[in-house]
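**Q** this one's structure only:
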(Lines give C-alpha, C1' and ligand atoms only; values in the text may rest on other atoms or scores of the structure.)
Protein backbone atom coordinates (compact mmCIF):
# COMPACT_ATOMS: atom_id res chain seq x y z
CA UNK A 1 0.00 0.00 0.00
CA UNK A 2 2.88 2.36 0.79
CA UNK A 3 4.40 1.68 -2.63
CA UNK A 4 1.08 2.32 -4.37
CA UNK A 5 0.69 5.58 -2.47
CA UNK A 6 4.19 6.65 -3.46
CA UNK A 7 3.53 5.84 -7.12
CA UNK A 8 0.30 7.85 -7.02
CA UNK A 9 2.11 10.80 -5.49
CA UNK A 10 4.83 10.64 -8.11
CA UNK A 11 2.24 10.59 -10.89
CA UNK A 12 0.70 13.75 -9.46
CA UNK A 13 4.07 15.49 -9.40
CA UNK A 14 5.46 13.89 -12.58
CA UNK A 15 2.51 12.84 -14.76
CA UNK A 16 3.26 10.48 -17.68
CA UNK A 17 4.17 12.28 -20.89
CA UNK A 18 4.64 11.22 -24.50
CA UNK A 19 8.30 10.35 -25.05
CA UNK A 20 8.28 12.32 -28.31
CA UNK A 21 6.25 15.48 -27.85
CA UNK A 22 5.76 15.68 -24.07
CA UNK A 23 1.97 15.65 -24.18
CA UNK A 24 0.25 14.07 -21.17
CA UNK A 25 -0.52 10.38 -21.73
CA UNK A 26 -2.15 7.57 -19.73
CA UNK A 27 0.97 5.51 -19.00
CA UNK A 28 4.71 6.01 -18.64
CA UNK A 29 7.07 5.59 -21.57
CA UNK A 30 4.34 5.75 -24.20
CA UNK A 31 3.33 7.77 -27.24
CA UNK A 32 0.35 10.05 -27.51
CA UNK A 33 -2.29 9.33 -30.14
CA UNK A 34 -0.95 11.70 -32.84
CA UNK A 35 2.68 10.59 -32.32
CA UNK A 36 1.65 6.92 -32.45
CA UNK A 37 -0.27 7.57 -35.67
CA UNK A 38 2.77 9.24 -37.24
CA UNK A 39 5.26 6.56 -36.18
CA UNK A 40 5.94 4.16 -39.10
CA UNK A 41 5.80 0.61 -37.75
CA UNK A 42 6.89 -2.25 -39.99
CA UNK A 43 3.65 -4.18 -40.33
CA UNK A 44 1.83 -6.46 -42.73
CA UNK A 45 3.76 -8.43 -45.34
CA UNK A 46 7.53 -8.03 -44.88
CA UNK A 47 10.68 -9.54 -46.34
CA UNK A 48 11.53 -12.64 -44.35
CA UNK A 49 15.23 -11.80 -44.47
CA UNK A 50 15.39 -8.09 -43.58
CA UNK A 51 11.91 -6.96 -42.51
CA UNK A 52 11.30 -4.52 -45.37
CA UNK A 53 7.54 -4.05 -45.98
CA UNK A 54 6.30 -5.52 -49.25
CA UNK A 55 3.06 -5.11 -51.23
CA UNK A 56 0.46 -7.82 -50.81
CA UNK A 57 -1.21 -9.76 -48.02
CA UNK A 58 0.63 -11.67 -45.31
CA UNK A 59 -0.36 -15.31 -45.86
CA UNK A 60 2.53 -16.83 -43.85
CA UNK A 61 4.48 -17.61 -47.04
CA UNK A 62 8.19 -16.74 -47.07
CA UNK A 63 8.88 -13.74 -49.33
CA UNK A 64 12.17 -12.00 -50.11
CA UNK A 65 12.69 -8.39 -51.18
CA UNK A 66 14.76 -7.37 -54.22
CA UNK A 67 17.69 -6.18 -52.08
CA UNK A 68 17.98 -9.54 -50.35
CA UNK A 69 17.75 -11.37 -53.69
CA UNK A 70 20.70 -9.32 -54.97
CA UNK A 71 22.76 -9.17 -51.76
CA UNK A 72 23.44 -12.50 -50.07
CA UNK A 73 22.61 -12.46 -46.36
CA UNK A 74 24.58 -14.73 -44.02
CA UNK A 75 21.65 -14.84 -41.59
CA UNK A 76 18.48 -16.89 -42.06
CA UNK A 77 15.73 -14.49 -40.93
CA UNK A 78 15.43 -10.79 -40.16
CA UNK A 79 12.86 -8.32 -38.86
CA UNK A 80 12.57 -4.65 -37.94
CA UNK A 81 10.12 -2.92 -35.62
CA UNK A 82 10.03 0.48 -37.35
CA UNK A 83 10.84 2.16 -40.65
CA UNK A 84 13.67 4.65 -40.33
CA UNK A 85 11.88 7.90 -41.09
CA UNK A 86 9.72 10.54 -39.40
CA UNK A 87 9.05 9.75 -35.72
CA UNK A 88 10.99 6.48 -35.87
CA UNK A 89 14.11 8.35 -36.95
CA UNK A 90 13.58 10.85 -34.15
CA UNK A 91 13.32 8.05 -31.59
CA UNK A 92 16.46 6.28 -32.82
CA UNK A 93 18.51 9.50 -32.86
CA UNK A 94 17.22 10.45 -29.40
CA UNK A 95 18.49 7.14 -28.05
CA UNK A 96 21.73 7.07 -30.04
CA UNK A 97 22.90 10.67 -29.70
CA UNK A 98 20.54 12.31 -27.21
CA UNK A 99 21.14 9.99 -24.25
CA UNK A 100 17.39 9.28 -24.16
CA UNK A 101 17.59 5.83 -22.63
CA UNK A 102 13.90 6.06 -21.74
CA UNK A 103 13.27 5.14 -25.39
CA UNK A 104 14.51 1.61 -24.62
CA UNK A 105 11.40 0.68 -22.64
CA UNK A 106 8.77 1.13 -25.39
CA UNK A 107 11.27 -0.01 -28.02
CA UNK A 108 11.61 -3.32 -26.17
CA UNK A 109 7.90 -4.03 -26.65
CA UNK A 110 8.05 -3.17 -30.34
CA UNK A 111 11.14 -5.33 -30.84
CA UNK A 112 9.58 -8.25 -28.99
CA UNK A 113 6.54 -8.13 -31.25
CA UNK A 114 8.67 -7.98 -34.40
CA UNK A 115 10.89 -10.84 -33.19
CA UNK A 116 8.10 -13.34 -32.55
CA UNK A 117 8.43 -15.29 -35.85
CA UNK A 118 12.16 -15.78 -35.26
CA UNK A 119 12.33 -16.92 -31.65
CA UNK A 120 13.72 -20.32 -30.66
CA UNK A 121 14.20 -22.03 -27.30
CA UNK A 122 18.00 -22.15 -27.71
CA UNK A 123 18.33 -18.49 -28.73
CA UNK A 124 21.13 -16.26 -27.44
CA UNK A 125 20.66 -12.50 -27.87
CA UNK A 126 23.71 -10.36 -28.66
CA UNK A 127 24.18 -6.78 -29.87
CA UNK A 128 26.19 -5.47 -32.78
CA UNK A 129 29.39 -4.17 -31.11
CA UNK A 130 30.85 -0.66 -30.92
CA UNK A 131 34.57 -0.03 -31.11
CA UNK A 132 35.96 0.82 -27.66
CA UNK A 133 36.86 4.37 -28.69
CA UNK A 134 33.27 5.11 -29.69
CA UNK A 135 32.08 3.45 -26.50
CA UNK A 136 34.22 5.83 -24.47
CA UNK A 137 32.81 8.85 -26.25
CA UNK A 138 29.17 7.69 -26.25
CA UNK A 139 29.32 5.94 -22.85
CA UNK A 140 26.97 3.16 -23.92
CA UNK A 141 26.15 0.87 -26.82
CA UNK A 142 22.52 1.54 -27.73
CA UNK A 143 22.24 -1.88 -29.39
CA UNK A 144 23.42 -3.54 -26.17
CA UNK A 145 20.80 -1.63 -24.17
CA UNK A 146 18.09 -2.81 -26.56
CA UNK A 147 19.39 -6.39 -26.58
CA UNK A 148 19.57 -6.68 -22.79
CA UNK A 149 16.09 -5.23 -22.29
CA UNK A 150 14.68 -7.54 -24.98
CA UNK A 151 16.36 -10.60 -23.42
CA UNK A 152 14.85 -9.80 -20.04
CA UNK A 153 11.42 -9.23 -21.57
CA UNK A 154 11.54 -12.54 -23.47
CA UNK A 155 13.29 -14.43 -20.63
CA UNK A 156 16.16 -15.38 -22.93
CA UNK A 157 19.92 -15.25 -22.23
CA UNK A 158 21.98 -12.42 -23.67
CA UNK A 159 25.69 -11.79 -24.09
CA UNK A 160 26.46 -8.07 -24.54
CA UNK A 161 30.17 -8.66 -25.22
CA UNK A 162 29.86 -11.69 -27.51
CA UNK A 163 31.37 -9.72 -30.41
CA UNK A 164 34.18 -7.18 -30.70
CA UNK A 165 35.17 -4.59 -33.28
CA UNK A 166 38.89 -5.05 -33.77
CA UNK A 167 39.38 -1.77 -35.65
CA UNK A 168 37.70 1.61 -35.69
CA UNK A 169 36.05 2.13 -39.06
CA UNK A 170 34.99 5.50 -40.51
CA UNK A 171 31.29 6.39 -40.30
CA UNK A 172 29.33 4.43 -42.89
CA UNK A 173 26.92 7.27 -43.67
CA UNK A 174 27.22 8.27 -47.31
CA UNK A 175 29.09 5.11 -48.35
CA UNK A 176 27.75 2.91 -51.12
CA UNK A 177 26.70 -0.65 -50.41
CA UNK A 178 29.91 -2.21 -51.77
CA UNK A 179 32.12 0.16 -49.81
CA UNK A 180 30.21 -0.55 -46.60
CA UNK A 181 30.74 -4.30 -46.93
CA UNK A 182 34.41 -3.86 -47.85
CA UNK A 183 35.03 -1.51 -44.92
CA UNK A 184 33.60 -3.97 -42.41
CA UNK A 185 35.15 -7.15 -43.81
CA UNK A 186 36.94 -8.96 -40.98
CA UNK A 187 36.51 -6.10 -38.52
CA UNK A 188 34.03 -7.86 -36.22
CA UNK A 189 35.14 -11.00 -34.38
CA UNK A 190 33.94 -13.24 -31.59
CA UNK A 191 35.20 -12.49 -28.10
CA UNK A 192 37.26 -15.63 -27.29
CA UNK A 193 36.11 -15.50 -23.67
CA UNK A 194 32.47 -15.75 -24.76
CA UNK A 195 32.70 -18.10 -27.75
CA UNK A 196 31.46 -21.09 -25.76
CA UNK A 197 28.14 -19.41 -25.05
CA UNK A 198 26.95 -19.67 -28.65
CA UNK A 199 28.25 -23.09 -29.70
CA UNK A 200 25.48 -24.88 -31.59
CA UNK A 201 22.90 -22.21 -30.72
CA UNK A 202 20.82 -19.70 -32.64
CA UNK A 203 22.06 -16.14 -32.16
CA UNK A 204 19.70 -13.17 -32.46
CA UNK A 205 21.74 -10.09 -33.37
CA UNK A 206 20.21 -6.78 -32.32
CA UNK A 207 21.02 -3.39 -33.86
CA UNK A 208 19.40 0.02 -33.74
CA UNK A 209 19.29 0.61 -37.51
CA UNK A 210 19.71 -1.63 -40.54
CA UNK A 211 20.70 0.22 -43.72
CA UNK A 212 22.62 -1.95 -46.18
CA UNK A 213 23.00 -4.80 -43.71
CA UNK A 214 26.82 -4.66 -43.87
CA UNK A 215 27.34 -4.41 -40.10
CA UNK A 216 24.87 -7.18 -39.39
CA UNK A 217 26.45 -9.32 -42.12
CA UNK A 218 29.93 -8.93 -40.63
CA UNK A 219 28.52 -9.78 -37.19
CA UNK A 220 26.59 -12.78 -38.49
CA UNK A 221 29.63 -14.18 -40.31
CA UNK A 222 31.68 -13.85 -37.13
CA UNK A 223 29.03 -15.80 -35.19
CA UNK A 224 28.81 -18.56 -37.79
CA UNK A 225 32.59 -18.84 -38.01
CA UNK A 226 32.66 -19.00 -34.22
CA UNK A 227 30.31 -21.98 -33.95
CA UNK A 228 26.75 -20.61 -33.96
CA UNK A 229 24.22 -22.98 -35.52
CA UNK A 230 22.13 -20.18 -37.02
CA UNK A 231 21.92 -16.39 -36.93
CA UNK A 232 18.86 -14.15 -37.12
CA UNK A 233 18.80 -10.36 -37.02
CA UNK A 234 16.54 -7.75 -35.48
CA UNK A 235 16.71 -3.97 -35.93
CA UNK A 236 14.75 -1.29 -34.16
CA UNK A 237 14.44 0.53 -37.50
CA UNK A 238 14.97 -0.42 -41.15
CA UNK A 239 16.05 2.07 -43.77
CA UNK A 240 13.79 1.58 -46.78
CA UNK A 241 14.49 3.10 -50.17
CA UNK A 242 11.91 5.52 -51.52
CA UNK A 243 10.04 5.37 -48.18
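**A** Nice, I can see it. Treat the numbers as computed from the prediction; the structure is a model and nothing was measured.
**Q** use CA for all of it now, contacts and neighbours both
**A** OK.
**Q** count of residues packed around the nearest residue to residue 58 once chain neighbours are set aside?
**A** Spatial nearest neighbour of residue 58, excluding adjacent residues (Cα to Cα, 6 or more residues apart in numbering): residue 45 at 4.5 Å. Look at residue 45: counted by other Cα atoms under 10 Å, it has 19 neighbours.
**Q** show me what contacts residue 45?
**A** Neighbour list for residue 45: 53, 54, 55, 56, 57, 58 [criterion: Cα atoms under 8 Å, 6 or more residues apart in numbering].
**Q** All the strands of the protein, in order from the start?
**A** Taking DSSP state E as the criterion, the chain contains strands spanning 77-83, 124-127, 163-165, 188-190, 202-210, 230-238.
**Q** Just the mean pLDDT for the third one, thanks.
**A** The average of the pLDDT scores along strand 163-165 is 93.
**Q** Would you mind listing the buried residues in it?
**A** By 16 or more other Cα atoms under 10 Å, the buried positions in strand 163-165 come out as 163, 164, 165.
**Q** Residues touching that strand, excluding its own?
**A** 126-132, 187-191, 219, 222.
**Q** same question, the first one
**A** Taking Cα under 8 Å, 6+ apart as the criterion, the residues outside strand 77-83 that touch it are 39-42, 47-52, 88-89, 110-111, 113-115, 118, 231-240.
**Q** repeat for stretch 182-199
**A** Residues contacting stretch 182-199 (Cα under 8 Å, 6+ apart): 124, 129, 159, 161-167, 169, 214-215, 218-219, 222-223, 226-229.
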